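**Student:** here is a sequence with its predicted model. Questions after.
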Amino acid sequence: MIEILEASHGGATTLHTQLSDYETLDQLITDASVSTSIAPENVLLFMEDGRELKDEVLQEVYERGGEGGQSDAPPQQLFLFNRATFYAESPETWAVQYQEDLALPPLLNLSAISDLGQAQLPFVLASEHLQHLISLFYAQARSLAIAYTSLASHLQPLLREFDEFQERAKDQLDNEDRLIRSSKADMVMLPRIVVHDAFNKKKERRDSSDGAAEAVRTMASYVNPVKMQQVRESCQASHATHIKQFDKLASQVGDLALQSEAERRASEERAQQVADELEEGVQRFQMAISQLEVLFQNDTPSLSQDLMELDAAMREDLTILTNVKNDYTLELHIHLRQVADFQIRIAELVTPIQTLDVDLKSQAAFPHLQRLHLLPFAYAATVIEVVRRKEFALALKAWTDRLSATFATFAEREGARRREIRTEVTSQLPFVVGALDEVPLKLELSVVDGAEPLSGIAITKADIEGLTRWIQTLKDDGELQAAILDEESDPIPFLEHGVSDLIAKMDEASSELDQMIERSVLLHRSRHGHNTQDVRDRLGVLSNENEVLRRQLADRQNDHQTRVRHMEDTHEQRTRSLQTRQAELQDELVRLRTDLEEEMMARQALSTELNERAREQEHQIDQSEVISALQADLSQEKDRTTDLGVRLQEALLDIDGLRSSEASLQSQVQSMQDERSKLLQTVSDAQNGSRQLESQLAGLKAELEATTTQLGQARTERDTALKNQSAEAERLMRDHIAEADGDRAVLEHQNLTLSKQVEDIRIEMEEKITAARNMATRTADGLKAELSFTKAQLRDVQRKETILADELAIAKDAAQAMTQKDAHQADVARDAVALVAKYHDTCQRIVSTIHASSTISASTNLTLPKVAAVPLTPAETDGDKDKPMRDSVLGRSLATATNFDLDNFADAVNKTISLVKKLNKSCRHYRDHAKNKISFTAFTKGDLALFLPTRNATTRPWMAYNVSAPHHFLKVPGDKVEAWKKRDSIIARITGTEEAVAGDVSYASHGLDQEQS
């Protein structure tokens, strides 16, 4: 059976199946969707242990469920989340949908209550409803905890990856910053690195030998400062971008971690707070039920009033707790929305982190700065490497010479021994052993030290010493130190330490070779003593471990006994204090019960007395003050009784607390006893381990003795075997040398033959492979071309198909439009004919105008046919009643328009336009000629006019000479009036004309007055 708990409201739905019955997750999601009415795409299931239910988890459960019967499988719980609630813009909508209704028990009917069961029924119903709310709350709280657990399972890998990325990124960013800051000092250092002449090309060395100043080359000759500055600026921009992106990502990841942790803690604290409130509500309900039992046992007169007060308090508590549950439902949906936001932010952070990591690894232009930074060290390392290789070649040659001399000495001694054996021993045999004939011993050592290419490079240790001195001079270079201070990056220590390390390694090369040869030659001398020493060392280690374990065992036993005694003393003290407190509380409980009974009896007596006095009041009105006092005393007694009841409840709660404390102490004692048993078990295990180690130690001692005996025997057997093997090896060596001499000649011949055959086969296979590769390339190119052509044809066919579909749609639309326009065709034709008639009339008028113009008709010599226009009368255009007549008129109009000679008309218009252009040119020509001719009529702007003085000697106005034209007077500038009075005439060009009345003040410069108007 599967119990599905919905996170939104905590409700449970039961599926009468097992998880092992489902082979796929889709089947389970479908069943859950049907049972909860949630869309399948919104169903998200989690196991009890917080794992999301996926196919692999379901497969694991399926395989585990197949081992036993279905009836043996325990009930399983699944927590269901509705994805729609994760991305809701308003969580209040879902919270309102899943709110719990207030379910109050039936009202108390005091008249119908006859026993305790009827009085307790509303409280029992309220308690059951509260238990239901608690079960829903715990399901919601567990679901929210699972949601945050799932969030942590996605967030923690991101945080771990980001921590690793952060370390890499900081190192790379620091490296970028170091390269940027040291680039300036590196550029300043380059001109100070003079390249050795041995590294220059032959032409450059010839120039240097001729004394050319340009032949001295430095490292700066190989670096373009302008481009390097551009690279530095580009790297600065990239570095700033990387820092900005890294800070942004670090801030986002940190905020995400802090916010998620804060929300998780807030959810846990709120869940604990709600759980405490609900548990307190349950306790209050149980207390109310207990109070009902006390009230019915005492049968007090105020039973009805107390019942009503308890019922009202119960209903108020139930209302408050229901609201608390509904408020938690709202907070749950808010937290789920936040969890979804956190998940989205986690997914969004992955890509920027990967992108920045790739950008930092790619380095962009930083390898150029890295190369610039390493140039001085690379040059120094190259010089040191040349010297080291030369010295290594010398050391290797020296060792080769020593080995050759040693072997020659040994061979000479061996030859003398053999000759002595042959003379003194083998010569005594009656036969000759040819295999023991003297064969000269010879050792040929061929060494390739790799120093031949360096023979032409004149670099020695003096150059290395010069590099060291040059590095020291850099510390006093003012320009370099200024660059170092500006950028706060000093490349000199890196260069100095690197060069020092290389020099130290170079000095150790020869001694290292000596040590390696000595170790390889003398290694076999120390191997036979290693096994005995290893056994002794192992025995000593085991003895030390045994002693350490004994000390640890004794320390643990002492600590355990001390803790046991302390726990026993503590338990006894707590038991005595609890017994004392329990006795005190029991005495207090007895006293409180006695006081309560006395107060109840006093209250009853006062009530009886009050009733009697109330009856007497009917006859004695003057005793009202006494009755008021008695009523006040009665109220005080009630308050005192209530106070005593509260104190009684507190005492009962204290007793319950003491009982729970006693139970907790008993559980602690039980846990201490369990721990003691565990410690005893540990002690016994340690003792067993000690005994096992002692037995192992005894076995190792026996093994050591046996091994020593075996070593002695092996040493004896080894000496004997070495002697026998030495003699056999000498005999086999002589035989093998003789066979090898014969085989070598055969092998050399076969080697030459096979080498030639292999070379021929290689050439032939290379040709075949080349031909096959070319054929494959051509075939692939052809297939690619065919594929491209096929794709192009396919695209063309698809395009044509699309075009034809569009044309078909257009044709359908056109056909539909044509069917709709059939009713208007007659009107369109009539309007077209009318337009043609108007066009014909216009053309006819233009032709008439051309004929009427003597200039144009004489110049063009047009002969146009005269066609009479056939206008439509209003009677002919009205309606469809005279349709035959209208059709005949339209036909005549079309015939008339068709008979009009449009070619001649166009020719006449073109010739007319040409004539107009020619006349315009002539007009411009005449106008240009007339610019310097004096005009005497129809003055316009730009004309040249002759101005003569009038008879008025006072103002002396100048009037233009004209014929049949209005009077035109010259506007004389103020500074020319006196100068022009002595002139007889003035020739001037008209720049503008104005019409005015003589005597106007504004035209006084013309020299006119009122009399000359």
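**Tutor:** Right, received. Where do you want to start?

**Student:** which helix or strand lies directly C-terminal to whatever helix or strand E261 lives in?
**Tutor:** Following DSSP states H and E, one finds E261 within helix 225-298. For helix 225-298, the following helix or strand on the C-terminal side (DSSP H and E) is helix 303-362.

**Student:** give me the helices and strands touching the helix or strand just after that following helix, please.
**Tutor:** Using DSSP H and E, the helix or strand that directly follows helix 303-362 along the chain is helix 366-424. For helix 366-424, the packing partners by 3 or more C-beta pairs under 8 Å, 6 or more residues apart in numbering; DSSP states H and E come out as helix 116-189, helix 225-298, helix 461-474, helix 492-522. C-betas here are computed from N, CA, C, even on glycine.

**Student:** deepest of those helices, which one?
**Tutor:** Greatest average neighbour count among those goes to helix 116-189 (a mean of 18), per mean count of other C-beta atoms under 10 Å.

**Student:** any idea how far D401 lies from G415?
**Tutor:** Distance, D401 to G415, using C-beta to C-beta, to the nearest Å: 21 Å.

**Student:** meant to ask about L454, not that
**Tutor:** Distance from L454 to G415, by C-beta to C-beta: 39 Å.

**Student:** more neighbours: which of these two?
**Tutor:** With neighbours defined as other C-beta atoms under 10 Å, L454 and G415 compare such that L454 has more, 17 against 14.

**Student:** ok, that one - contacts?
**Tutor:** 386, 389-390 (C-beta atoms under 8 Å, 6 or more residues apart in numbering).

**Student:** now, which of these sits nearest H967?
**Tutor:** V386 (113.0 Å; C-beta to C-beta).

**Student:** report pLDDT for the closest one.
**Tutor:** V386 is assigned a pLDDT of 82 by the prediction.

**Student:** run a quick neighbour tally on it.
**Tutor:** 21.

**Student:** before we move on, back to that, now the helix holding E261 and helix 366-424, what's the angle there?
**Tutor:** 100 degrees (axes from the mean of the first three to the mean of the last three C-alpha atoms, to 10 degrees).

**Student:** residue numbering should commence at 377 henceforth.
**Tutor:** Done: numbering now begins at 377, and the last item shifts to helix 601-674.

**Student:** and helix 601-674, what other elements does it pack with?
**Tutor:** helix 492-565, helix 679-738, helix 742-800.

**Student:** coming back round to it: save the helices and strands packed on helix 742-800 as JSON lines, and put in mean pLDDT and distance to D1172 too.
**Tutor:** Output for the helices and strands packed on helix 742-800, formatted as JSON lines (pLDDT from 0 to 100; distance: least, C-beta to C-beta, whole Å):
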{"stretch": "helix 492-565", "mean pLDDT": "85", "distance to D1172": "50"}
{"stretch": "helix 601-674", "mean pLDDT": "87", "distance to D1172": "46"}
{"stretch": "helix 837-850", "mean pLDDT": "80", "distance to D1172": "71"}
{"stretch": "helix 868-898", "mean pLDDT": "69", "distance to D1172": "65"}
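
**Student:** so for D931, which of these sits nearest?
**Tutor:** helix 492-565 (38.6 Å).

**Student:** circling back to that earlier point, ok, the contacts of L830 vs P1325, which is closest?
**Tutor:** V762 (112.3 Å).

**Student:** how close does that closest one get to L843?
**Tutor:** On the measure of C-beta to C-beta, V762 and L843 end up 12 Å apart.

**Student:** quick revisit: what's the angle between the helix holding E637 and helix 492-565?
**Tutor:** Going by the same axes, to 10 degrees, helix 601-674 makes 170 degrees with helix 492-565.

**Student:** surely I380 meets L456?
**Tutor:** Yes - between I380 and L456 there is a contact at 5.2 Å, judged by C-beta atoms under 8 Å.

**Student:** rewinding a little: any common contacting residues for V762 and L843?
**Tutor:** By C-beta under 8 Å, 6+ apart, no residue touches both V762 and L843.

**Student:** so where do the helices sit in the stretch 377-526 of the chain?
**Tutor:** Counting by DSSP state H, counting those that start in this stretch, one finds helices in the stretch 377-526 of the chain at the ranges 401-412, 431-441, 459-462, 467-473, 492-565.

**Student:** export the ones you listed to a markdown table and tack on distance to T1096?
**Tutor:** Shown next, in a markdown table, are the helices of the stretch 377-526 of the chain (distance: least, C-beta to C-beta, whole Å):
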| stretch | distance to T1096 |
| --- | --- |
| helix 401-412 | 76 |
| helix 431-441 | 65 |
| helix 459-462 | 86 |
| helix 467-473 | 94 |
| helix 492-565 | 63 |
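
**Student:** of all these, which lies closest to L683?
**Tutor:** Nearest of the helices of the stretch 377-526 of the chain (C-beta to C-beta): helix 492-565, 6.2 Å.

**Student:** now do that closest one: which elements does it pack against?
**Tutor:** strand 378-382, strand 419-422, strand 452-458, helix 601-674, helix 679-738, helix 742-800, helix 854-863.

**Student:** three-state assignment of E944?
**Tutor:** Of the three states, E944 takes helix under DSSP: H, G, I helix; E, B strand; the rest coil.

**Student:** now the one 4 residues further on
**Tutor:** Following three-state DSSP, we place E948 in the helix state.

**Student:** which residues touch it?
**Tutor:** Neighbours of E948 in contact, by C-beta under 8 Å, 6+ apart: none.

**Student:** and the gap between it and Q496?
**Tutor:** Where Q496 is concerned, E948 sits at a distance of 43 Å (C-beta to C-beta).

**Student:** who's in contact with Y474?
**Tutor:** 384-385, 705.

**Student:** and of those residues, the nearest to F622?
**Tutor:** When these are compared against F622 (criterion: C-beta to C-beta), the nearest one is S384, at 40.1 Å.

**Student:** skip the chain neighbours and tell me the closest residue to the closest one.
**Tutor:** Y474 (5.1 Å; C-beta to C-beta, 6 or more residues apart in numbering).

**Student:** and that neighbour, what's its pLDDT?
**Tutor:** For Y474, the predicted pLDDT is 79.

**Student:** next, it: phi, psi?
**Tutor:** Dihedral angles of Y474 (phi, psi; degrees, to the nearest 10) stand at phi -100, psi 20.

**Student:** adding distance to R721, write the helices and strands packed on helix 742-800 out as a markdown table.
**Tutor:** Formatted as a markdown table, the helices and strands packed on helix 742-800 follow (distance: least, C-beta to C-beta, whole Å):
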| stretch | distance to R721 |
| --- | --- |
| helix 492-565 | 9 |
| helix 601-674 | 6 |
| helix 837-850 | 51 |
| helix 868-898 | 42 |
